[in-house]
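**Q** How does the following fold in three dimensions:
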Amino acid sequence: IVFFYHITCTVRNLKEEWDDHFKDEQYIRVVWQRYERILHFVNRANDLFGTIMAMRNFYYVFSLCLGLYHTLILFRESPTVFLLNFGFVMTFLIQLLCTNWLTSQLCFSCNQLQKSIADVLSEKWYLLHGNDSHLLVSILARLDKGDMAVRPINLYTVSPANLLDVTSVILNYVIVLIQSR
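**A** Numbering: from 1, shown residues only. Below is the predicted model of the structure:
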């Protein structure tokens, strides 16, 4: 998570450099080369850490399902055990929210870089030379592919929308567990 957050900060710095120096064609090429290097690091990190991240997320979801189930079962039986279980569930929920928020920042920073390049294209299109405009369109097309994202084992892309999917999975399994009781 720390690695991906560091990459997020690097992309944000790249966006700030872009905002400061977008007039120079050579610098546009440097920004594109840096972006490609960062993308290579992200792909390598996905390969290295993807299995661990996917297992961790599965563990969080599994623990939340069982914790919620036991919390709902123990609600009437024992207030002390209920509070302990509720604390357990809240701990895993906070961990899941924080890790998802930190790793989804990479999507936000790439979207900001893409927006910044699109703003330059829309504002300065007629002032740009032919090579500059084609170069910017090519960079924008590359950014639009959405390759730079946290993808554990290429199963899913980490984004804030994942929280809705995870919530629905957890609630469905808790309902199945309660109905099977």
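
**Q** Could you check how far V42 is from S63?
**A** Distance of V42 to S63, computed by C-beta to C-beta, to the nearest Å: 28 Å. Placement of C-beta: from N, CA and C, glycine included.

**Q** got the buried residues for stretch 11-29?
**A** For stretch 11-29, burial by neighbour count (16 or more other C-beta atoms under 10 Å) applies to 11-12, 14-15, 18, 22, 28.

**Q** Show the end-to-end separation of it, please.
**A** End-to-end distance for stretch 11-29: 15 Å, by C-alpha to C-alpha, to the nearest Å.

**Q** So for V42 and S63, which residue has more residues nearby?
**A** Just comparing V42 and S63: by other C-beta atoms under 10 Å the higher neighbour count belongs to V42, 23 against 18.

**Q** give the contact list for the residue nearest the centre of the chain.
**A** With distances taken as C-alpha atoms, centre = their mean, the residue of the chain nearest its centroid is S104 (2.1 Å). By C-beta atoms under 8 Å, 6 or more residues apart in numbering, the contact list for S104 reads 150, 158-160, 162.

**Q** one more time with 10 Å, if that's ok
**A** 4, 8, 149-150, 157-163 (C-beta atoms under 10 Å, 6 or more residues apart in numbering).

**Q** out of these, which are inside strands?
**A** Members of these lying in strands (criterion: DSSP state E): none.

**Q** Ranking helices and strands of this protein by mean pLDDT, which lands last?
**A** Every helix and strand of the chain was ranked by mean pLDDT, DSSP states H and E. The lowest is helix 130-144, at a mean of 80.

**Q** centre of the chain versus it, how much separation?
**A** Centroid displacement of helix 130-144 relative to its chain, using C-alpha atoms, centre = their mean, to the nearest Å, is 24 Å.

**Q** Buried residues of that helix, list them for me.
**A** 132-133, 135-136, 139, 142-143.
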